[in-house]
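Peer 1: Need a 3D model of the following:
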Amino acid sequence: MLGIRNLYEGWVMRKFRVGDEIVYRPSWGSGVETVVRIESMEVTRYPREKYGHPADEVDVGLVEENRVVMTLDNGHWAYSDQVDLEASREVSCGGI
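Peer 2: As a prediction, the model looks like this:
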């Protein structure tokens, strides 16, 4: 994940890229947190749509708006609201 250092908040995520490790919850967000790698992403026009336009990187704002569908290296896909942004930040900084 690309990011910038913020003196007051620490590491701030700015972008997700194909190949990044993230933490997501399977089973529509109710499963146990799982660390996976992003294989591909699609940006959708509206939240929680299944198909969109392919992208190699997306702004974290689109993830927060739930407008990104991710294909993961575990053979599953996820809506971006299944991604734990805080835990993913820790993974990207080597915390988990």
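Peer 1: Which residue would you name as the spatial centre of the protein?
Peer 2: In the chain, the C-alpha nearest the mean C-alpha coordinate belongs to Val83, at 5.2 Å (C-alpha atoms, centre = their mean).
Peer 1: Leaving out sequence neighbours, find the closest residue to that residue.
Peer 2: Once flanking residues are discounted, Val83 sits nearest to Tyr24: 5.0 Å by C-beta to C-beta, 6 or more residues apart in numbering. (Each C-beta comes from the backbone N, C-alpha and C, glycine too.)
Peer 1: Which residues are in contact with that neighbour?
Peer 2: Taking C-beta atoms under 8 Å, 6 or more residues apart in numbering, we find Tyr24 in contact with Glu33, Thr34, Val36, Met70, Leu72, Ala78, Gln82, Val83, Asp84.
Peer 1: List the buried residues for stretch 27-35?
Peer 2: Along stretch 27-35, these residues count as buried under the neighbour rule (16 or more other C-beta atoms under 10 Å): Thr34.
Peer 1: which outside residues touch it?
Peer 2: The contact list for stretch 27-35 (C-beta under 8 Å, 6+ apart) reads 21-26, 74, 81-82, 84, 87, 91, 96.
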